[in-house]
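# show me the folded form of this:
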Amino acid sequence: MNDAFIRDLSEIVKTENIKVNEPLNAHTYTQMGGNADIFVTASRYEEVEQVVKFANEHNVPFTLIGNGSNMIIKDGGIRGIVLSLKRLDDIQVDGTRLVAQSGARIIDASREALSHSLSGLEFACGIPGTVGGALFMNAGAYGGEIKDVLTEAVVVDREGNLKTLAAEDLDLSYRTSNIPDNGYIVMEARFDLKEANYDDIKAVMDDLTFKRESKQPLEYPSCGSVFKRPPGYFAGKLIQDSDLQGKGIGGAEVSKKHAGFIINKDHATATEYIDVIHMVQRTVKDKFGVELEREVKIIGEDPES
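Below is the predicted model of the structure:
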């Protein structure tokens, strides 16, 4: 990426919103990961459209990250352009409809719904990801999930075109959607909620928050729940019964508080964290014959040896 490339890019996005060789450990919940060649923070939909087209024209790799809550970025970093939508964080309510931009935290969307006495997003009060990330993986917790309340999504496609899609067009199912396969960048989500009693909604959210804070190792950096629930089992129980809690590699460790979490206990590298994931998968497979499938996304390049 030469100076001319950066200069041309700065005609789309303000220069102060373009960073070269940016450490990505500052942009992930795990506090791990190498550097991005170019880190761009967008503040308008038009900028996203134009950056995608710019990357296509120059044949430069393009990667989107939200707030990095459900991803691991490898120690070798990410080549090309990394785009952040964290400044696209507006949330609006009109009647029973809530519209949230991609960079808004899904927790904040649930709190905004509460403030308008709207029910449907209570399950999301403890999910740390962004709205865009929540759609990407059809996030869910405590019996609720995004597909229960989503009606439409505004996306930018691979060619840089803005589109509005119905929820059913996204193939939302357990922790998956067709968003990654289609290369969509979520710009906003539109939710259909229901009027309810404020105190009743708050009671549910308070209960879920207590459960989360009492059971999850929130005092350490992590990527949240690492594995999907295997049919007929619970991932955390399988890991616990494999005597893996407290076991680790380097600074990464299976949480003693919740076996479904792997924590960055002491300046872990992404390589160490990923090695612990593989150790857990191997051990559970050997002991119970169950394949644990990752829920967390791993992206980026391996470090140079």
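# check contacts around the closest residue to residue 172 other than its chain neighbours.
Nearest residue to residue 172, sequence neighbours excluded (CB to CB, 6 or more residues apart in numbering): residue 147, at 3.7 Å. Where C-beta positions appear, they are placed from N, C-alpha and C, glycine not excepted. Residues in contact with residue 147 (CB atoms under 8 Å, 6 or more residues apart in numbering) are 138, 167, 172, 173.
# wait, what's in contact with the third one?
Counting by CB under 8 Å, 6+ apart, residue 172 makes contact with 135, 138, 145, 146, 147, 150.
# how about stretch 48-56 as PDB, C-alpha atoms only?
Output of stretch 48-56 as PDB, limited to C-alpha atoms (Å, rounded to 0.1, in the frame of the first residue of the first chain):
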ATOM      1  CA  VAL A  48     -18.900   1.900   3.100                       C
ATOM      2  CA  GLU A  49     -20.300   1.600  -0.500                       C
ATOM      3  CA  GLN A  50     -17.300   3.600  -1.900                       C
ATOM      4  CA  VAL A  51     -14.600   1.800   0.100                       C
ATOM      5  CA  VAL A  52     -16.000  -1.600  -1.100                       C
ATOM      6  CA  LYS A  53     -15.900  -0.400  -4.700                       C
ATOM      7  CA  PHE A  54     -12.400   1.100  -4.200                       C
ATOM      8  CA  ALA A  55     -11.100  -2.200  -2.800                       C
ATOM      9  CA  ASN A  56     -12.600  -4.100  -5.800                       C
END
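# how about it: buried residues?
For stretch 48-56, a neighbour-count test (16 or more other CB atoms under 10 Å) marks 48, 49, 50, 51, 52, 54, 55 as buried.
# how about stretch 279-286?
279, 280, 281, 283, 284.
# how far out from the middle of the chain is it?
25 Å (CA atoms, centre = their mean, to the nearest Å).
# the stretch 101-250 of the chain: helices as residue ranges?
106-115, 131-136, 179-182, 198-215, 235-241 (DSSP state H, counting those that start in this stretch).
# so which of the ones you listed is nearest residue 295?
Nearest of the helices of the stretch 101-250 of the chain to residue 295, taken as CB to CB: helix 235-241 at 8.6 Å.
# who touches that closest one?
225-230, 245, 254, 258-260, 280, 284, 287-288, 290, 292.
# of these, select the buried ones using a ChimeraX command.
To isolate the buried members of those in ChimeraX, using 16+ other CB under 10 Å:
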select :225,226,227,228,229,245,254,258,259,260,280,284,288,290,292
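# now, which of the contacts of helix 235-241 lie within strands?
Among these, the residues falling in strands (DSSP state E) are 225, 254.
# same list, the buried residues of stretch 279-286, but as TSV with distance to residue 18 and pLDDT please.
Listed next are the buried residues of stretch 279-286 as TSV, based on distance: CB to CB, whole Å; pLDDT from 0 to 100:
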residue	distance to residue 18	pLDDT
279	39	98
280	38	98
281	38	98
283	44	98
284	43	98
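# so of the residues you listed, which ones are in helices?
279, 280, 281, 283, 284 (DSSP state H).
# and residue 104, what is it in contact with?
Contact analysis of residue 104 by CB under 8 Å, 6+ apart lists 88, 89, 90, 91, 130, 131.
# oh, that last question was meant for residue 248, not what I typed.
254, 265, 272, 276 are the contacts of residue 248 under CB under 8 Å, 6+ apart.
# for these, which single residue is the most surrounded?
residue 254 (28 neighbours; other CB atoms under 10 Å).
# distance of that one from residue 56?
Per CB to CB, to the nearest Å, residue 254 is found 41 Å from residue 56.
# now the chain, which segments are flagged as low pLDDT?
1, 305 (pLDDT under 70).
# how about 90 then?
1-4, 66-70, 126, 128-129, 142, 174-175, 212-213, 224, 304-305 (pLDDT under 90).
# buried residues in stretch 266-276?
Buried residues in stretch 266-276, defined by neighbour count with 16+ other CB under 10 Å: 268, 269, 270, 271, 272, 273, 274, 275, 276.
# what's the answer for stretch 126-139, then?
Using 16+ other CB under 10 Å as the burial criterion, the residues of stretch 126-139 that qualify are 126-139.
# among those residues, which one sits closest to residue 206?
residue 126 (10.9 Å).
# the closest one contacts residue 106, correct?
No. Between residue 126 and residue 106 there is no contact under CB atoms under 8 Å: 9.5 Å.
# does residue 275 fall in a helix, a strand, or a coil region?
Of the three states, residue 275 takes helix according to DSSP: H, G, I helix; E, B strand; the rest coil.
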